[in-house]
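> Kindly generate the corresponding structure for this input.
(3 chains)
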Amino acid sequence: MLRLVAHRALLSVPLLLVIIIVLFSMLRLIPGDPVQALVGDFPVPPAFRLAIEKKYHLNDGFLLQVSSYLLDALRGDFGYSYQSQRPVLDLIVERAPRTILLASVGFAFAIPLGLVLGIVSGATRSARTDKVITTAALVAYAVPTFWLGQLLVMFFALRLGWLPTQGIGPLVSRAHGMSWLLEKARYIALPAAAFAVHEGMRVARIMRASVIDTLSQGYIVTARAKGLSRSEIIRRHVLRNSSLPLVTIAGYAFGSALSGAVLLETVFSWPGLGLLLVESIRFRDNMTVIGVVIFSALAVIVMNLVVDILYAVLDPRIRTQR
Amino acid sequence: MNTSQDSDIPASSSQPLLLDVKDLHVHLRIGNQIVRAVDGISLEVRHGECVGIVGESGSGKSTTARAITKLMPNVSLARFSGDLRFDGLDLLAMADRDLRRLRKDSGFSMIFQDPLGYLNPTQRIGKQIGEAVSRDGGLSREQSVWSLLDEVGLPDARNLVRRYPHELSGGMRQRVMIAIALASRPKLLFADEPTTALDATVQLQVLQTLYRVQRERNMAVVIITHDLGVVAELCDRVYVMHSGKVIETAATQDLFARPRHAYSARLIDLSTHLNPTERYA
Amino acid sequence: MVKEQNTTHPAPCIIPFLSILHTGMTRILATRHGTLGVVILIGLACLAVAAPLLAPYHPFEQTPLSLAPPSARYPFGTDNIGRDIFSLILYGSRSSLLVGFGAATAALFVGGAIGIMAGYFRGPTEAVLMRVIEVFQTLPVIMLVLCAVALFGSSFWLLIAAVALAIWPMEARLIYGQFIKLREREFVAAARVADLSTTHIIFREILPNAIQPVIVQVALDASAAILIEAGLGFLGLSDPSMVSWGQLLFVAQDYMDSAWWMSLFPGIAICITVIGLNMFADGLNEIVDPRREIGGLQ
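Numbers count the residues shown, from 1 in each chain, chains lettered A, B, ... in the order given. Presented below is the predicted three-dimensional model:
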């Protein structure tokens, strides 16, 4: 088993390198002035221009540029954001945890919701219940998350005034302890809800398929032959065996969290990685754009590895091989 | 090995039937066609008797067993009618709760063709057998499991109970299935193609186990198979099925000696040739 | 149980194609989901085509009444510069459908080509390609798309390309799987005594079954593409010369407190389109999986 994981890990390294090189190449392929492309909507006086050209080897060969970028990246230097006057990595490190927070809270609601709905619709004897839940999931999945966010803001924040419309916290906060937590909760409620609806339905869909698949297995017939009741069968045989896809969901959750974050954070002005990406695009701060994407790719690849390991641990068939 | 003295007289006609099936119809709706999987069959099984149901695939033999035990898969039923009586109880009209009670204790059990698919891959063997054990207050569940494993010829119980299905060989898995089926002390065991998926040498072992267990427990067994060779040694009586109907039934010796139908004769020819004078130890 | 054999006879190419279409349509219309999906899609297509005829105003026409709530004159209200939202939505259906199906088709070709390559060459090529597909699927696609659009611009065709970039892995996987199945069948068919009916077996039996999941996937891809395109529009990155539902939501973002209709109606339009496509796909799928006829455990 360890061999399998090591094998996948080893494959990931060249993959990451390729991604970095491809993305960097995209940076160089931007039409127009290469210096401007690196710097963004920032004025470039001649002396500054020379300095930039020297620093990023703009007049040397492509190979040199790529390798210097790679080496820098490995050292943690993803470039400099002239827009924010800070190293790109700094920005990423500051913003990433907020996205993770949003995604975590969102998933904390999405997963139980999806689990329950998925299992109920998969295992129910009533075709009508199944159809109702499936259709509801379909509709919920079709709703664009950012639009849902807008609707939630318009209803709960603007019309009812229960919750704030945007941001991660008030400008000035004097709360401590419990009230600080409550305050934070108020701000995270709507974005997390919008996130949870979409992801929850995805979980429900996957769980339902998994439950249906498990129920068609032979050992369920054996369980029935043993005289077990429906609820006993679901509890003892279906739940555990249908849950394997959950691990997959959890692992790839990071990728979907980042995808959802981009749009949701824009609606709620939530200062996370997604908003950083959007802002950088607006200001043509391309180094940051590339940096964020590379970071995301790296994170996703690492998470995939973790998923592989978890799969091996949970499925005894893989675990006991050799 | 055949218990009936004279093959033309049914053995102990005064003894009540354990399983009495009359005019069973199971029609399936597949797509927009109706398939008459079981088209009006009747059969009887007495206590302690071993009965074979033979036929080629598609003859309806498996569906018969699945229908009687009410373990049908998720298919749309166009018709499911007949008079099914087990130990005097009406199976068709029986409530779910009572049916489950029958499966749990002193009713009937079933073993299947594909032991790998029919055992939970993420559960240990001991747990899967233990789940089926009907407690009588005497032995602990653990002890019952060991005793069952011993009975089916898998003595290394302490080690075995911690294993997962995929770690066992095909023959061992099938014997675990038998152990599971025996755990509920059934009066009747259905065996659906018990040896078809196994290697030839292993087939013999599993059949020996079945034979021994049947004798020792005086348990009725219904073997469903396409291989008359399997039936030849184990079964007292045979039903031959084709296209959902029973086309012939006789005591095993009689069937082999004087098959009345050309189809039965052909099946006999196709069967694996076991030496008819061999005995299982 | 006896099944009937199909009698084969030489026939021109068009007849199998029409029969595929016919069986396909009857299948879809058999389910409620499928029928609803088809109805929605046809309705949308009609709206898109007939937009100039149906829209009371030209989409870019600015009426003096800005930020007006829905009324008889402006059924969906007007936006901040006085454009009629109803007309905007009608015209917006064009770009959404075009981009949606355009990207799905592009993904079909690109993904299909890669899938077939992986299936054809087998060996190390196959392993590498499958791995690439796998990784692509797990990367946060929105980021890739954003990146591409941000760097290279958002004219119509670039948009389609960028969105296709996000969707192609699913198609590749699917076509790869179908190709493998096809190969195996061909071997089996060739093993039999060769006769003219082999080609007809391919057309009558294999192709109709192979096409169905592809159509399902294209429908699903189109719905994903429309959502992605809406997202791009929402970030202000869609083609400015065309009306896009996402773009309408982008503008609505600043007026959430004063003009709820600017957000509600474009969103509903997107929802209905995506739901229609998904129901269509579900309708087709439902036939393939009759397991659900009697639900759960018996």
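> A:L138 against C:L277, yeah?
No - look at A:L138 against C:L277 with Cβ atoms under 8 Å: they stay out of range, at 10.4 Å. Every C-beta, even on glycine, is put in place using the N, C-alpha and C of the backbone.
> higher neighbour count, those two?
With neighbours defined as other Cβ atoms under 10 Å in any protein chain shown, A:L138 and C:L277 compare such that C:L277 has more, 28 against 18.
> Next, give phi and psi for the more buried one.
phi -60, psi -40 (degrees, to the nearest 10).
> my read: it touches C:D221, true?
No - judged on Cβ under 8 Å, C:L277 makes no contact with C:D221 at a distance of 9.1 Å.
> Tell me the spacing between the closest residue to chain B within the stretch 201-322 of chain A and B:R100.
Here the stretch 201-322 of chain A gets closest to chain B at one residue, A:G227, 3.2 Å apart by Cβ to the nearest Cβ. To B:R100, A:G227 is 4 Å away according to Cβ to Cβ, to the nearest Å.
> ok, and what's touching the lengthiest helix in chain B?
Of all the segments of type helix in chain B, defined by DSSP state H, the longest one is helix B:200-217. Contacts to helix B:200-217, defined as Cβ atoms under 8 Å, 6 or more residues apart in numbering or on different chains, come from residues B:50, B:151-153, B:169-171, B:174-175, B:178, B:182, B:189, B:191, B:194-195, B:198, B:219, B:221, B:223, B:230, B:233-234, B:280-281.
> ok, now with 6 Å
Applying Cβ atoms under 6 Å, 6 or more residues apart in numbering or on different chains, the contact partners of helix B:200-217 are B:C50, B:V152, B:G153, B:G171, B:Q174, B:R175, B:T195, B:V221, B:L234, B:Y280.
> Give me the contacts around the helix or strand hosting the fifth one.
It refers to B:Q174. Element membership of B:Q174 [criterion: DSSP states H and E] is helix B:170-182. The contact list for helix B:170-182, computed with Cβ under 6 Å, 6+ apart, reads B:109, B:111, B:115, B:125, B:129, B:132, B:148-149, B:152, B:154, B:165, B:189, B:198, B:202, B:205-206, B:209.
> Report how many residues lie close to the closest residue in space to B:R66 that isn't next to it in sequence.
Nearest-residue entry for B:R66: B:M72, 5.1 Å, with adjacent residues in sequence omitted and distances by Cβ to Cβ, 6 or more residues apart in numbering or on different chains. A count of nearby residues for B:M72, using other Cβ under 10 Å, gives 17.
> least trustworthy helix or strand in chain A by mean pLDDT?
In chain A, no helix or strand scores lower on mean pLDDT, DSSP states H and E than helix A:316-319, which sits at a mean of 61.
> how about the residues of chain A that lie near chain C?
A:15, A:26, A:30, A:123-125, A:127, A:130, A:138, A:142-144, A:146-147, A:150, A:153-154, A:158, A:230, A:252, A:255, A:258-259, A:262-263, A:278, A:281, A:289, A:293, A:296-297, A:300, A:304 (Cβ under 6 Å from any Cβ of the partner chain).
> Quick one: buried ones out of these?
Buried subset of the residues of chain A next to chain C (neighbour count, 16 or more other Cβ atoms under 10 Å in any protein chain shown): A:15, A:26, A:30, A:123-124, A:130, A:138, A:142-144, A:146-147, A:150, A:153-154, A:230, A:252, A:255, A:258-259, A:262-263, A:278, A:281, A:289, A:293, A:296-297, A:300, A:304.
> just to revisit the earlier point, which strand or helix spans the residue of the stretch 201-322 of chain A closest to chain B?
Per DSSP H and E, there is no helix or strand for A:G227.
> For it, give me phi and psi.
Dihedral angles for A:G227 - degrees, to the nearest 10 - are phi 90, psi 20.
> With chain A as the reference, measure out to B:R175.
Remark: distance between B:R175 and chain A (Cβ to the nearest Cβ, to the nearest Å) = 14 Å.
> Run through the stretch 151-298 of chain C and note the low-pLDDT ranges.
C:185-210, C:286-298 (pLDDT under 70).
> B:L28: how many residues sit nearby?
Around B:L28 there are 20 other residues, counting by other Cβ under 10 Å.
> element containing it?
Using DSSP H and E, B:L28 falls within strand B:17-30.
> Without its sequence neighbours, what residue ends up closest to B:L148?
Nearest residue to B:L148, sequence neighbours excluded (Cβ to Cβ, 6+ apart): B:A179, at 4.2 Å.
> which residues of the stretch 101-250 of chain A fall in helices?
Secondary structure of the stretch 101-250 of chain A (DSSP state H, counting those that start in this stretch): helices located at A:127-142, A:145-152, A:177-215, A:218-225, A:230-233, A:239-242, A:244-268.
> can I get those helices in a markdown table with mean pLDDT?
Below are the helices of the stretch 101-250 of chain A laid out as a markdown table (pLDDT from 0 to 100):
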| stretch | mean pLDDT |
| --- | --- |
| helix A:127-142 | 87 |
| helix A:145-152 | 89 |
| helix A:177-215 | 86 |
| helix A:218-225 | 92 |
| helix A:230-233 | 89 |
| helix A:239-242 | 85 |
| helix A:244-268 | 78 |
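> To B:I268, which of those helices lies closest?
Across the helices of the stretch 101-250 of chain A, B:I268 has its closest neighbour in helix A:218-225 (30.8 Å, Cβ to Cβ).
> Tell me who's in contact with the residue nearest to B:N120 when sequence neighbours are not counted.
Closest residue in space to B:N120, ignoring its immediate chain neighbours: A:Y219 at 4.4 Å, by Cβ to Cβ, 6+ apart. Counting by Cβ under 6 Å, 6+ apart, A:Y219 touches B:Y118, B:L119, B:N120.
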